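In: heads up, no residue letters with this:
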């Protein structure tokens with residue numbers, strides 16, 4: 001039974017257990033951390049992997065990457081694989097009966113493929129066919145989720161498996177993984193995921209789902225890019241309708257300048273941050289984080305941040 005983080009000790013434990021009985025295949029079921037751990041072990045063992053997600057909070061079940069943390073939940077690295085899992089099995093009834101916040105997290109994490117990909121594309125002079133395909137699919141993903149995501153969320157709240165929920169599960173698990181694989185060397189990354197990684201340093205952040213932290217990262221990224229207040233407001237309201245309010249204060253995290261700077265310093269060291277279409281340093285990240293606090297806290301009447 002998996003417990004804790006996708007971390008090196010857990011990966012080694014699965015590898016050791018599988019080696020003892022000469023496992024022919026690794027079968028893992030659960031959420032993203034357990035699936036990422038299983039993929040890492042399977043890669044080490046050179047064994048095929050079967051992933052059975054019990055939630056649709058990320059694309060971990062179908063993607064060719066594992067996100068590795070330390071035992072305390074601090075982000076360490078992304079590990080990329082030469083191929084995607086051999087088999088992914090999804091039962092919509094299981095997803096519909098999981099806590100709805102996991103579906104919300106998956107919708108937001110999927111949307112990041114468009115917002116990060118759109119930003120990264122601005123720095124690519126001659127995109128190849130894979131890059132163009134990835135960004136085209138990311139735009140389709142964005143349009144579908146903005147259209148049907150809220151309906152699917154309401155269906156999941158009622159434990160109802162409707163067409164919209166099935167479509168959103170497919171987007172969260174499969175389409176997002178396809179986009180990630182096709183754009184892995186080009187459109188994957190900008191500011192949202194590095195900020196998510198930076199938040200892993202903050203005490204109290206580990207109970208937040210990956211997609212919740214990515215939502216915060218997307219809004220900060222939009223401020224960094226100089227996007228319109230209208231776009232930021234519309235997306236913030238969409239996230240709010242999914243149960244996520246994107247300020248540190250609203251997420252019950254420290255919102256002082258020292259904490260922001262700690263997050264920004266780690267985020268700025270992430271190579272993915274270099275894909276941003278504007279100059280980025282720690283100060284510009286912190287400035288965007290402060291503007292996010294003011295804007296979101298005012299929008300939703302959260303107690304004002306004190307910097």
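Out: That came through, no problem. Every value quoted in this text rests on a predicted model; they were computed, and no experiment measured them.
In: Can you tell me how far the residue nearest in space to the middle of the chain is from residue 254?
Out: For the chain, residue 109 is the residue whose C-alpha lies nearest the centre (C-alpha atoms, centre = their mean; 3.9 Å). Counting by C-beta to C-beta, to the nearest Å, the gap from residue 109 to residue 254 is 24 Å. C-beta: built from backbone N, CA, C; applies to glycine.
In: Same question for residue 73.
Out: Separation of residue 73 from residue 254 (C-beta to C-beta) stands at 16 Å.
In: same check, this time on residue 243
Out: Distance of residue 243 to residue 254, computed by C-beta to C-beta: 21 Å.
In: Tally up the residues packed near the nearest residue to residue 86 once chain neighbours are set aside, please.
Out: In space, and not counting its chain neighbours, residue 86 is closest to residue 48: 4.3 Å by C-beta to C-beta, 6 or more residues apart in numbering. A total of 14 residues lie near residue 48 under the criterion other C-beta atoms under 10 Å.
In: which residues touch residue 231?
Out: Counting by C-beta atoms under 8 Å, 6 or more residues apart in numbering, residue 231 touches residue 222.
In: so which helix or strand takes in it?
Out: Mapping residue 231 onto the secondary structure by DSSP states H and E places it in helix 229-241.
In: List the buried residues in that helix.
Out: 232, 235, 236, 238, 239, 240 (16 or more other C-beta atoms under 10 Å).
In: okay, those residues in CSV with distance to residue 91 next?
Out: Below are the buried residues of helix 229-241 laid out as CSV (distance: C-beta to C-beta, whole Å):
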residue, distance to residue 91
232, 37
235, 31
236, 33
238, 27
239, 27
240, 30
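In: could you dump these to JSON lines with pLDDT and distance to residue 6?
Out: Below are the buried residues of helix 229-241 laid out as JSON lines (pLDDT from 0 to 100; distance: C-beta to C-beta, whole Å):
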{"residue": "232", "pLDDT": "98", "distance to residue 6": "32"}
{"residue": "235", "pLDDT": "98", "distance to residue 6": "28"}
{"residue": "236", "pLDDT": "97", "distance to residue 6": "30"}
{"residue": "238", "pLDDT": "98", "distance to residue 6": "29"}
{"residue": "239", "pLDDT": "98", "distance to residue 6": "25"}
{"residue": "240", "pLDDT": "97", "distance to residue 6": "29"}
